[in-house]
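Engineer: sharing a sequence plus its predicted fold:
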Amino acid sequence: MELYILRHGKAEKNIADGGSDADRRLTGRGIKDVKKIAGWLRFSGILFGVIGTSPLVRATETAEIIATDLKSPRRPDVWESLEPGSDPDRLKEDIRACGSEGQILIVGHEPMLSTLIGEIIADQGKARVVLRKGGLALISGIGSDETLKGRLSLLIDPGWIQDRE
């Protein structure tokens, strides 16, 4: 399995009256950055068997941009385990449940995503990796066993792509 981990794009700082943090939408810059990542994924020929997203608006918008740009036949699935403050073991169970899907994408939030990456790529989770907003990581070589271990193969942010266009 190849696990792609994407942090949502830049989101609004202010919440409209009566709204909650979960309602914050992507900014214009956030949309632009996510589209750059989507373009890179499309150029690379990546097709996801599963796209899991946090239920928060900024993450679902990010996942929808990716799915639409890649012309994915599957729409993103909302995973409650990607919601901030959720149990990381529950997220790992959701990832394991994808088993033979090949390439999967999860879209979520910090610090959960960086913690997950560290736990997968290093013994006792001692690696420190930080995803910037709109940043993408790829963990390759994840086996089907219960350990959910792999190697970090890619870590990029939209600014890297922008600088090379």
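Structural biologist: Alright, I've got the coordinates. Computed from a prediction, not measured in an experiment: that's the story for all the values here. Numbers count the residues shown, from 1 in each chain.

Engineer: tell me which helix or strand residue 153 sits in.
Structural biologist: strand 151-156 (DSSP states H and E).

Engineer: how far off centre is that strand?
Structural biologist: Its chain's C-alpha centre lies 13 Å from the corresponding centre of strand 151-156 when counted by C-alpha atoms, centre = their mean, to the nearest Å.

Engineer: any idea how far residue 102 is from residue 142?
Structural biologist: 11 Å (C-beta to C-beta, to the nearest Å). Backbone N, C-alpha and C define where each C-beta goes, glycine included.

Engineer: got any residues that touch both of these two?
Structural biologist: 1-2 (C-beta atoms under 8 Å, 6 or more residues apart in numbering).

Engineer: okay, the two: which has more neighbours?
Structural biologist: residue 142 (19 against 12; other C-beta atoms under 10 Å).

Engineer: quick one: the strands in this protein?
Structural biologist: 2-7, 50-53, 77-78, 103-108, 136-140, 151-156 (DSSP state E).

Engineer: which regions of this protein lie under the pLDDT threshold?
Structural biologist: 16-18, 125, 144, 162-165 (pLDDT under 70).

Engineer: neighbours around residue 98, how many?
Structural biologist: Residue 98: 19 neighbours (other C-beta under 10 Å).

Engineer: contact partners for it?
Structural biologist: So residue 98 contacts 1, 49-50, 52, 104 (C-beta under 8 Å, 6+ apart).

Engineer: cool, residue 65 as well?
Structural biologist: Contacts of residue 65 (C-beta under 8 Å, 6+ apart): 9, 31, 34-35, 38.

Engineer: turn those residues into a markdown table, including distance to residue 122 and neighbour count.
Structural biologist: Formatted as a markdown table, the contacts of residue 65 follow (distance: C-beta to C-beta, whole Å; neighbours: other C-beta atoms under 10 Å):
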| residue | distance to residue 122 | neighbour count |
| --- | --- | --- |
| 9 | 27 | 28 |
| 31 | 33 | 17 |
| 34 | 28 | 29 |
| 35 | 32 | 18 |
| 38 | 29 | 21 |
